[in-house]
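Visitor: Any chance you can model this:
(one chain, ligands or ions: 1)
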Amino acid sequence: MTLVKACTMSDLEDGEIFKAELADHAPLALYMIGDEIFATADICTHGEASLSEDGYIEDGKVICSWHDGAFDIRTGEPCRLPCMDPLQTFPIRIEGDAVFVEI
Ligand code: FES
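Guide: Numbers count the residues shown, from 1 in each chain. Below you'll find the predicted structure:
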């Protein structure tokens, strides 16, 4: 497990998805829901959609606009077809203004 800085708190907005470009890892999608932050893989498991670019948050889920599939942001579990495979999730750690993910 490696701790990698993904962004700063000012990059995140409540209800929005931020794409974290990492040096040695595929991009991640970071979500701010109220005062909580979550991270998942950025690419939808159904296709090649970038959830940070083509997705949106609704009731704790990320909806992929390509085919209207959905995942639970907290667990990565698919919750609406055509998505069937879970999204990988990553623990978050906040230190000061920095947001780190464990990868
Ligand atoms: S690519 Fe995301 S639902 Fe199809």
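Visitor: CA atoms for contacts and neighbours, from now on please.
Guide: Noted.
Visitor: SS state for the closest residue to the ligand within the chain?
Guide: As assessed by C-alpha to the nearest ligand atom, the ligand sits closest to Gly47 within the chain, at 3.5 Å. Under DSSP: H, G, I helix; E, B strand; the rest coil, Gly47 falls in the coil class.
Visitor: Pull the number of nearby residues for it.
Guide: 12 (other C-alpha atoms under 10 Å).
Visitor: Retrieve the pLDDT associated with it.
Guide: Here the pLDDT value assigned to Gly47 is 95.
Visitor: Next, it: phi, psi?
Guide: Backbone torsions of Gly47, given as degrees, to the nearest 10, read phi -150, psi -150.
Visitor: how close does it get to Asp68?
Guide: Distance of Gly47 to Asp68, computed by C-alpha to C-alpha, to the nearest Å: 11 Å.
Visitor: go on, Cys83?
Guide: Counting by C-alpha to C-alpha, the gap from Cys83 to Asp68 is 9 Å.
Visitor: So Tyr31 belongs to a helix, correct?
Guide: No. Tyr31: not assigned to a helix; according to three-state DSSP it is strand.
Visitor: Any idea what it is bridged to?
Guide: Ile17, Phe38 (DSSP bridges).
Visitor: which residues sit in contact with it?
Guide: Leu12, Asp14, Gly15, Glu16, Ile17, Phe18, Ile37, Phe38, Ala39, Ile73 (C-alpha atoms under 8 Å, 6 or more residues apart in numbering).
Visitor: roughly how far apart are Phe18 and Met84?
Guide: Relative to Met84, and taking C-alpha to C-alpha, Phe18 is found at 23 Å.
Visitor: More neighbours: which of those two?
Guide: Phe18 (21 against 15).
Visitor: burial count for the nearest residue to Met84 once chain neighbours are set aside?
Guide: Of all residues not flanking Met84 in the chain, Pro78 sits nearest, at 5.6 Å (C-alpha to C-alpha, 6 or more residues apart in numbering). Neighbours of Pro78 under the rule other C-alpha under 10 Å: 21.
Visitor: May I have the predicted confidence score for Cys44?
Guide: Cys44 is given a pLDDT of 98.
Visitor: Oops, could you answer that again for Asp24 instead?
Guide: 88.
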